[in-house]
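S.K.: Quick check, what structure comes out for this input:
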Amino acid sequence: MSQQRTDVFFGPAAAFEHQNLIQKKKGALIPSRNVSDEYCYLLFVPRDAHSQSIQTYDIGARNSRLIILLEEGATVQARVWLGCAESHSSHTTEIFLEDGAELSLLFVQESDAPSLTIRQRSAIGANTKLSMQNVSLGSAQLEHSFLSDVLGVQAESSVDWLFYSKHAEQQHIHACNVFHARDGSGEITMKGVAEDKAHMVCTGMIDIELGGGGTDTYLREDVLMLDRTAKVDAVPGLEIKTNDVKASHSATVSRVTEEDLFYFASRGIPQRAAREMYILGFLGDLTRRIADERERASVLEAIERKYRKR
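M.R.: Next comes the predicted model:
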């Protein structure tokens, strides 16, 4: 049975009937790095279609690309679980939202790859709503960036980013909203935990271009250090090129002290259990924003797996 453009499609791009549409979009936001074995996936929602169920897909290919295309007025909730395990793995996400479209995307990265690079970028039209939820939980060396180009008026781009780094892992994550048109909105909230000898670099940026008057936006970075040996760089940034906007940012790095752990011990709670409570409690704000109860439970289970992993 051939795929019709009246249907929601989520799967290998090669199985989609309209290959001309894929070729038009593929690499338009993020050009290929000439990876010969890149495996391409597609999430397509046709005009004015409203998916009632969460579209889910697990990606395990070493090198992969996901194209997300919502035509005018389309809405969908989606979940992607990235679990590649080979060294020098890479993933690319390109998101295209036409006018009036709404996308809620939960992107969970739980990878055992020794090194992993993730590049994500979106281009969103007028009166659109993008809710991006990134969860970064794996890889000894991770480079993960997300850039959202808000091209249409009265468009919203919101990013929640939860991350957790331990042992000697090195995570570099970067989120950026660029507002090109009037009356844009959306917040970036980045929250994470670093323990052992992990090194976490967390940078966020809000860029309001000349045409972005009337934009109302905020950037927040919060990181918890469980050990003195952990290293954290939290760097927020603003670049505003016009007037009549509301834009601000904040960054905090807090530490768990020996006195904090002693407080738990004095009440009969072992140190290891206390540390886990700190992690789950600190990250709880963002996990509670995951609307689907089952997906929220899956993310919490993944955080617990990482903590208990030696």
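S.K.: so residue 218 is in which element?
M.R.: Residue 218 is located in strand 216-225, with elements delineated by DSSP states H and E.
S.K.: no, scratch that, I was asking about residue 249
M.R.: strand 246-255.
S.K.: Am I right that residue 73 is in contact with residue 46?
M.R.: No: between residue 73 and residue 46 there is no contact under Cβ atoms under 8 Å: 9.5 Å. For the C-beta atoms, the positions are set from N, CA and C on the backbone; glycine is no exception.
S.K.: now residue 183: how far from residue 125?
M.R.: Separation of residue 183 from residue 125 (Cβ to Cβ, to the nearest Å): 13 Å.
S.K.: that older thread, could you tell me the angle between the strand holding residue 249 and strand 216-225?
M.R.: 10 degrees (axes from the mean of the first three to the mean of the last three Cα atoms, to 10 degrees).
S.K.: How are the strands of the stretch 101-250 of the chain distributed by residue range?
M.R.: 102-109, 115-124, 129-136, 141-150, 156-165, 170-179, 185-194, 199-208, 216-225, 231-240, 246-255 (DSSP state E, counting those that start in this stretch).
S.K.: closest one to residue 65 among these?
M.R.: The closest of those to residue 65 is strand 115-124. By Cβ to Cβ, the value is 9.4 Å.
S.K.: Most remote residue from the middle of the protein, which is it?
M.R.: residue 266 (38.3 Å; Cα atoms, centre = their mean).
S.K.: what about stretch 173-186, how long is it end to end?
M.R.: End-to-end span of stretch 173-186 (Cα to Cα, to the nearest Å): 19 Å.
S.K.: Let me see the mean pLDDT of it.
M.R.: Regarding stretch 173-186, the rounded mean pLDDT is 98.
S.K.: what's the spacing between that stretch and its chain's center?
M.R.: 15 Å (Cα atoms, centre = their mean, to the nearest Å).
S.K.: got it, and stretch 258-265?
M.R.: 33 Å.
S.K.: Mind listing what's buried along that stretch?
M.R.: 261, 264 (16 or more other Cβ atoms under 10 Å).
S.K.: Alpha carbons of that stretch, as CSV, please.
M.R.: Extracted in CSV, the C-alpha atoms of stretch 258-265 (Å, rounded to 0.1, in the frame of the first residue of the first chain):
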residue,chain,number,x,y,z
GLU,A,258,29.7,17.2,53.1
GLU,A,259,27.4,18.9,55.6
ASP,A,260,24.5,18.3,53.2
LEU,A,261,25.2,14.6,53.0
PHE,A,262,25.8,14.4,56.8
TYR,A,263,22.2,15.8,57.3
PHE,A,264,20.9,12.8,55.4
ALA,A,265,23.1,10.3,57.2
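S.K.: Next up, phi/psi of residue 285, please.
M.R.: Dihedral pair for residue 285: phi -60, psi -40, per degrees, to the nearest 10.
S.K.: For it, which non-adjacent residue is closest in space?
M.R.: Leaving aside its sequence neighbours, residue 285 sits nearest to residue 191 (Cβ to Cβ, 6 or more residues apart in numbering; 6.7 Å).
S.K.: Am I right that the one you found is in contact with residue 283?
M.R.: Yes: contact criterion Cβ under 8 Å: residue 191 and residue 283 qualify, at 6.3 Å.
S.K.: residues shared between the contacts of those two?
M.R.: By Cβ atoms under 8 Å, 6 or more residues apart in numbering, residue 191 and residue 283 have these common neighbours: residue 162.
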